[in-house]
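*Asks:* Sequence first, then the predicted structure, then my questions.
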Amino acid sequence: MNEEMEALNRWVLTELPLRRKPIGFSGSCLYLLVYVDDIILTRSNTKIIDDCKLLLKTKLRIKDLGHLKYFLGIELLDNNDCLVLPQRKYCLEVISEFDLLGRKPAITPLESGVVFSNINDHDSTDSPPENISEYQKCVGKLIYITLTRHDIAYVVHRLSQFMHAPLKSLLKAAFRVLRYLKGRPGKGVTVKRNNDFVITAFVDSDYAKGSMLRKSVTSFCIFLRNNLISWKSKKQSTVSRSSAEVGYRALTSCMWYLLCFPVNIDVVTVVVIYGGGWWQEANGGGTYTLKISI
């Protein structure tokens, strides 16, 4: 192990300026991901990855495990036209850890009309759980599952706001998410092969969603070649006075992210989704599509 660490110390990594290519770049790319003692290689040219493995063997003692099938709890299923990234094994391990394998699966991750809060004014039986770490562990594992299961992202985002002061009702809601995953443990992100270099962004906002601080939520997701590559859902830093202000803040946040995108972009399609307020006030309502030149 000491030899590997000494070899890594001799490597020099240089960060290129944004949207700049190295001298002599021929169009072929090699991507190397290192996590502790695991290395993943992917490429745009088969010969490049073979040359890289030969180079690594001269510097390090490595073992070639072949095509990637499982990494950090994420499985990789390679079909002819797409890649599927589920977390089936990890989901079942988490469900088993909290002794929910024998429970009935839930149809939805969240019951209708539920409002999360750690302030108990109505139900005297809804007290903090005896072991708060159980709630923290459960929500922490759910956060990792949201890497490939975006259908539970909203409820997990809400549950994660009460990590230090949960109630039994919140723990019950977290267990419901696990029961929902029990019915569909094999779902995941699909990455399709597509030659059309098109970037599309979907923007939405939720006005005064925070029941405690009345802060609104910015949400957007970005697709490259019809594949989801980036997403965000975060509370805005200030309290807005109108839903129109909230919506334009969300649109600005998304556009700023696209401006910093590490690829050459000429035109971006931004789809603004209004959920009943700000875009209707400004543009007459509905879903509106913008083609923006950068």
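*Replies:* On my side now, so go ahead.
*Asks:* which SS class is Leu32?
*Replies:* strand (DSSP: H, G, I helix; E, B strand; the rest coil).
*Asks:* cool, and Arg176?
*Replies:* Classification of Arg176 by three-state DSSP places it in helix.
*Asks:* shouldn't it be in contact with Ile107?
*Replies:* No - applying C-beta atoms under 8 Å as the test, Arg176 and Ile107 come out as separate, 10.2 Å apart. (Each C-beta comes from the backbone N, C-alpha and C, glycine too.)
*Asks:* higher neighbour count, these two?
*Replies:* Per other C-beta atoms under 10 Å, whichever of Arg176 and Ile107 has more neighbours is Arg176, with 19 against 8.
*Asks:* got the contact list for the more buried one?
*Replies:* Ala106, Pro109, Leu110, Glu111 (C-beta atoms under 8 Å, 6 or more residues apart in numbering).
*Asks:* Now that we have those residues, which of them are buried?
*Replies:* Neighbour-count burial (16 or more other C-beta atoms under 10 Å) is assigned, among those, to Ala106, Pro109, Leu110.
*Asks:* Show me which of those residues is closest to Leu60.
*Replies:* When these are ranked by distance to Leu60 (C-beta to C-beta), Pro109 comes first, at 43.4 Å.
*Asks:* May I have the secondary structure class of the residue lying closest to that closest one once chain neighbours are set aside?
*Replies:* Closest residue to Pro109 apart from its sequence neighbours, by C-beta to C-beta, 6 or more residues apart in numbering: Tyr180 at 4.3 Å. Classification of Tyr180 by three-state DSSP places it in helix.
*Asks:* Stretch 88-98: how far from the chain's middle?
*Replies:* How far stretch 88-98 lies from its chain's middle: 19 Å, per C-alpha atoms, centre = their mean, to the nearest Å.
*Asks:* brain fart, stretch 242-249
*Replies:* On C-alpha atoms, centre = their mean, the centre of stretch 242-249 falls 24 Å from the chain's centre.
*Asks:* List the buried residues of it.
*Replies:* In stretch 242-249, counting by 16+ other C-beta under 10 Å, buried: Ser243, Ala244, Glu245, Val246, Gly247, Tyr248, Arg249.
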